[in-house]
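Student: Could you work out the structure for the sequence below:
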Amino acid sequence: MTSSTNPPAFPGFPGIARGTAIPNLFFTTVLPALAAPGDLLAFLWVAHLAQQLPAEPRCVSADAIWQHEPARLAFERLAGGRPGLDAGLEACRALRALLAIEATRPGQTETLYFVNNPAARRAIARIRAGELQLPGYAAVAPLAAPEQRPGIFRLYEENIGTITPLVAERLAEAEATYPADWVEAAFREAAERNIRNWRYIERMLQTWAQEGHPDETPRRDPLEDAKHRYLGGNFGHIIKYR
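Tutor: A predicted model of the protein is given here:
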């Protein structure tokens, strides 16, 4: 009879070792939105394996993840095996934590996943422009995330710039405080005025919370409203208030 033995206890991490960089924003924004263990594992393994690559483009396929034994064991034990990997990758793509392109080689089309950071966005743009090649692949095409309303963090990155930890806290607070359509409208109005400043947008949201959000139709002049209430619509056009 064979006796089972427990694996040896983990001795702890060494003082100096290679590491995988995970942005702090992942823990405050992406992680709370993940719904299954496979979602978390998918992001972590894309981040880890992509960072092991020596040069751009730093991307990996589902097959490459599955062929990596520690990753396969993690998915088999925690996330239902290969289906958990595939579902997790798609969940992260839907959240835009991962970006993806479809790459074609003779007789095969693969989806390649990137961590959504500035380097990956530049790489994808260069691939689309033909400036950066994917060895072994004949053609590539970006794979868009499912249509959804842009979150406040994406709006900030697209309209203002890089998100610092301090700004991330304020964005998270604003997202929890104001309706999504208010946030989109505030960014849109700031962009139309060519104002790329979070404080301006934040003050706009605070004003709407105190005084009411303007209607989608053109705003009515309060003096005109008063004129119609007290003088009637038939004669209101005669009087001009200064």
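Student: Would you map the helices across this protein?
Tutor: According to DSSP state H, the chain carries its helices in the segments 24-25, 37-52, 62-67, 69-78, 82-94, 118-129, 152-159, 165-177, 180-192, 198-211, 222-231.
Student: For the chain, name the helix or strand with the lowest mean pLDDT.
Tutor: Ranking every helix and strand in the chain by mean pLDDT, DSSP states H and E puts helix 222-231 at the bottom, with a mean of 44.
Student: re earlier: so which of the helices of the chain comes closest to Pro7?
Tutor: Comparing the helices of the chain by their distance to Pro7 (Cβ to Cβ), the top pick is helix 69-78, with 11.8 Å. In this view, the C-beta of every residue, glycine as well, is placed from N, C-alpha and C.
Student: number of nearby residues for Ala120?
Tutor: Ala120 is flanked by 19 other residues according to other Cβ atoms under 10 Å.
Student: go on, Ala103?
Tutor: For Ala103, the count of nearby residues is 22 (other Cβ under 10 Å).
Student: number of nearby residues for the closest residue in space to it that isn't next to it in sequence?
Tutor: In space, and not counting its chain neighbours, Ala103 is closest to Tyr137: 4.1 Å by Cβ to Cβ, 6 or more residues apart in numbering. For Tyr137, the neighbour count with other Cβ under 10 Å is 18.
Student: surely Ala186 meets Arg203?
Tutor: No: contact criterion Cβ atoms under 8 Å: Ala186 and Arg203 do not qualify, at 9.3 Å.
Student: Those two: which has the busier surroundings?
Tutor: The neighbour count for Ala186 versus Arg203, taken as other Cβ under 10 Å, is higher for Ala186 (23 against 12).
Student: quick one: the more buried one and Thr162, what's the gap?
Tutor: 19 Å (Cβ to Cβ, to the nearest Å).
Student: So, low pLDDT: which residues of the chain?
Tutor: In the prediction, the chain carries residues with pLDDT under 70 at positions 1-6, 138-139, 141-150, 165, 215-242.
Student: residue closest to the middle of it?
Tutor: Arg96 (3.9 Å; Cα atoms, centre = their mean).
Student: Now it: phi and psi?
Tutor: Torsion angles at Arg96 (phi, psi; degrees, to the nearest 10) stand at phi 70, psi 20.
Student: separation between it and Ala190?
Tutor: 22 Å.
Student: ok so, going back, including distance to Gln108, could the helices of the chain go into a markdown table?
Tutor: Conversion of the helices of the chain to a markdown table gives the following (distance: least, Cβ to Cβ, whole Å):
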| stretch | distance to Gln108 |
| --- | --- |
| helix 24-25 | 34 |
| helix 37-52 | 20 |
| helix 62-67 | 10 |
| helix 69-78 | 20 |
| helix 82-94 | 16 |
| helix 118-129 | 18 |
| helix 152-159 | 32 |
| helix 165-177 | 39 |
| helix 180-192 | 40 |
| helix 198-211 | 45 |
| helix 222-231 | 65 |
